[in-house]
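**Q** Prediction below, plus the sequence it came from.
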Amino acid sequence: MPDSAHQLRIPAPQLENLIAAIFAAGGCDAAESRRIATHLLGANLAGHDSHGVIRVPRYVEWMEAGYVLRGQSIETVTDGGAFALVDGKYGFGQTVAPQAVALGIERARQHGIAVIGLRNAGHIGRVGAYAESAIEAGLVSVHFVNVAGSTLVAPFGGTERRFSTAPFSVGVPLPGRPLVLDFATSLVAEGKVLVASNGGKALPEGALIEPDGRLSTDPRTLYGDYAPVGPRDLSAGRGAIRAFGEHKGSGLAFMCEMLAGALTGGGTSGPVKERTRIANGMLSLYLSPDAFGTRAEFESAGRAYVDWVLAANPATPGEPVLAPGDKEAATRADRLAHGLPLTPDTWRNILAVAHRLGVPTPD
Ligand code: NAD
């Protein structure tokens, strides 16, 4: 559904203030409330509504249930200088992931390269945001992410849930032309199923699979029956999301579970034994083109390559070839200028949380 079909357009600063007020009313300090709000808004601005403010009711629920904890700081588990493993202690992902990224940036500046494992982080949201932080520091970065304890995606050739939506992101700091590849290894992020179930953009063909192998686009395959306003129960559906890219995407999801889940010690998507919390794990690599001694060549060859790829004849007239991150940059510019589109159901769900917490809401 194009933006024009959304019924509401809300100015980003107004919405960000409301979201920050909701988390402050829920007990987060001012800095953490603002970080969560800015990150969620950033996902909407990038066009990833699945990881934006639609998550507010669920985040508040998790906070109230103690699944995600306020005011945490990463704890060092292992420190080898150019590599480190840190524990997010189930803190808000928007707090502990930026701390892990800051550590990676600091260590890559010292050593030229850094590998940082983060485990037990609350939902870290749009992973591309962390690639963008590395880009701002002039670093290439690669992020393998999993969601320990969240089993939603069928492997290639299977119908049962085995993987998490295990996102993957790469950031490349070409001056004035940053590249940000950032996607879930599932055919759609779970949040996109959430958006579709809230009256938003419909799912693409074959996004979901029923236990008998039939393909589906109905969110009920994942959530079972649901009311328009209210929570979605992932355990109520009998089907799964499909991995993207057939055997290749399924293989990348597998490796995200291995590197972000098993290697960090945070755990994989399953088998789940007495796990009360789901949490993100992230294995990140940071590389400095300066340390490689190739910054100038990297930038000129990189720019020339981007220009050459984008000059390829479009398959559909009027729809030029894009580089990773271009779509998000264009959406961001549009939404900053014209406000953020929200479906009425999403807006009503946010207002319901605000009212419950006594936060004043706009008319
Ligand atoms: P998506 O399918 O929209 O793919 C986005 C990627 O494809 C971007 O790099 C984008 O620039 C590129 N792209 C899009 N259209 C393009 C085009 N026409 N030409 C060239 N490149 C194009 O993303 P998704 O899989 O729905 O993921 C959405 C978000 O969900 C991501 O930000 C991801 O990090 C996040 N996510 C987070 C978690 C978590 O546990 N924290 C889990 C899953 C997904």
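**A** Yep, that arrived. Residues are numbered from 1 along each chain as shown.
**Q** Close to the ligand: what parts of the stretch 51-200 of the chain are there?
**A** 51, 123-128, 145, 147, 165, 167, 169, 180-184, 188-189, 192 (C-beta under 6 Å from any ligand atom). Every residue, glycine included, has its C-beta placed from N, CA and C.
**Q** Where helices are concerned, which of the residues you listed count?
**A** The helices, defined by DSSP state H, take in G128, K192 from these.
**Q** hmm, which of the residues of the stretch 51-200 of the chain next to the ligand are the buried ones?
**A** Buried subset of those (neighbour count, 16 or more other C-beta atoms under 10 Å): 51, 123-128, 145, 147, 165, 167, 169, 180-184, 188-189, 192.
**Q** dump the residue contacts of F23.
**A** By C-beta atoms under 8 Å, 6 or more residues apart in numbering, the contact list for F23 reads E32, S33, I36, A37, Y59, V60, M63.
**Q** Determine the number of other residues adjacent to Y67.
**A** Y67 sits with 17 neighbouring residues when counted by other C-beta atoms under 10 Å.
**Q** ok, it touching G91?
**A** No. Contact criterion C-beta atoms under 8 Å: Y67 and G91 do not qualify, at 11.3 Å.
**Q** Can you tell me, leaving aside adjacent residues, what's nearest to I350?
**A** In space, and not counting its chain neighbours, I350 is closest to V56: 5.2 Å by C-beta to C-beta, 6 or more residues apart in numbering.
**Q** ok, now how distant is the residue lying farthest from the centre of the chain from A102?
**A** Most distant from the centre of the chain: G293, at 32.1 Å, with distances by C-alpha atoms, centre = their mean. For G293, the distance to A102 equals 25 Å [C-beta to C-beta, to the nearest Å].
**Q** mind listing what the spatially most central residue of the chain touches?
**A** Centroid-nearest residue in the chain: R126, 2.6 Å away (criterion: C-alpha atoms, centre = their mean). Residues in contact with R126, defined by C-beta under 8 Å, 6+ apart, are H39, G42, A43, A46, H48, H51, D182.
**Q** same deal with L208?
**A** Counting by C-beta under 8 Å, 6+ apart, L208 touches V193, L215, S216, T217, D218, T221, L222, G239, A240, I241, R242.
**Q** State the distance from it to the ligand.
**A** For L208, the distance to the ligand (C-beta to the nearest ligand atom, to the nearest Å) stands at 14 Å.
**Q** shift numbering so it begins at 30
**A** Fine by me, first position is 30 from now on; the one you just mentioned is L237.
**Q** List the beta-bridge partners for that residue.
**A** Beta-bridge pairing for L237 (DSSP bridges): S245, I270.
**Q** what is in contact with Y96 and G120 at once?
**A** Each of G151 lies in contact with both Y96 and G120 under the rule C-beta under 8 Å, 6+ apart.
**Q** quick one: average pLDDT of stretch 170-185?
**A** The pLDDT scores in stretch 170-185 average 96.
**Q** Run the chain-centre distance for it.
**A** Taking the mean of its C-alpha atoms, stretch 170-185 sits 11 Å from the chain's own mean (C-alpha atoms, centre = their mean, to the nearest Å).
**Q** Buried residues, it. List them.
**A** If you call a residue buried by 16+ other C-beta under 10 Å, then stretch 170-185 has these buried ones: 170-185.
**Q** The stretch 180-329 of the chain: helices as residue ranges?
**A** Counting by DSSP state H, counting those that start in this stretch, one finds helices in the stretch 180-329 of the chain at the ranges 219-226, 249-252, 275-285, 318-321, 324-339.
**Q** Please dump those into JSON lines; it should also carry mean pLDDT for every row.
**A** Converted to JSON lines, those look like this (pLDDT from 0 to 100):
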{"stretch": "helix 219-226", "mean pLDDT": "89"}
{"stretch": "helix 249-252", "mean pLDDT": "96"}
{"stretch": "helix 275-285", "mean pLDDT": "98"}
{"stretch": "helix 318-321", "mean pLDDT": "95"}
{"stretch": "helix 324-339", "mean pLDDT": "97"}
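**Q** Please identify which of these is closest to D116.
**A** Proximity to D116 (C-beta to C-beta) singles out helix 275-285 among the helices of the stretch 180-329 of the chain, at 18.9 Å.
**Q** touching the ligand at all, that closest one?
**A** No. Judged by C-beta under 6 Å from any ligand atom, helix 275-285 stays clear of the ligand, getting no closer than 9.6 Å.
**Q** Return that helix as CSV; C-alpha atoms alone will do.
**A** Extracted in CSV, the C-alpha atoms of helix 275-285 (Å, rounded to 0.1, in the frame of the first residue of the first chain):
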residue,chain,number,x,y,z
GLU,A,275,15.4,-20.1,-1.2
HIS,A,276,18.4,-22.2,-0.1
LYS,A,277,20.8,-19.2,-0.1
GLY,A,278,18.8,-17.0,2.2
SER,A,279,18.0,-20.0,4.3
GLY,A,280,21.7,-20.6,4.6
LEU,A,281,22.4,-17.0,5.6
ALA,A,282,19.7,-17.3,8.3
PHE,A,283,21.4,-20.5,9.5
MET,A,284,24.7,-18.7,9.8
CYS,A,285,23.2,-15.7,11.6
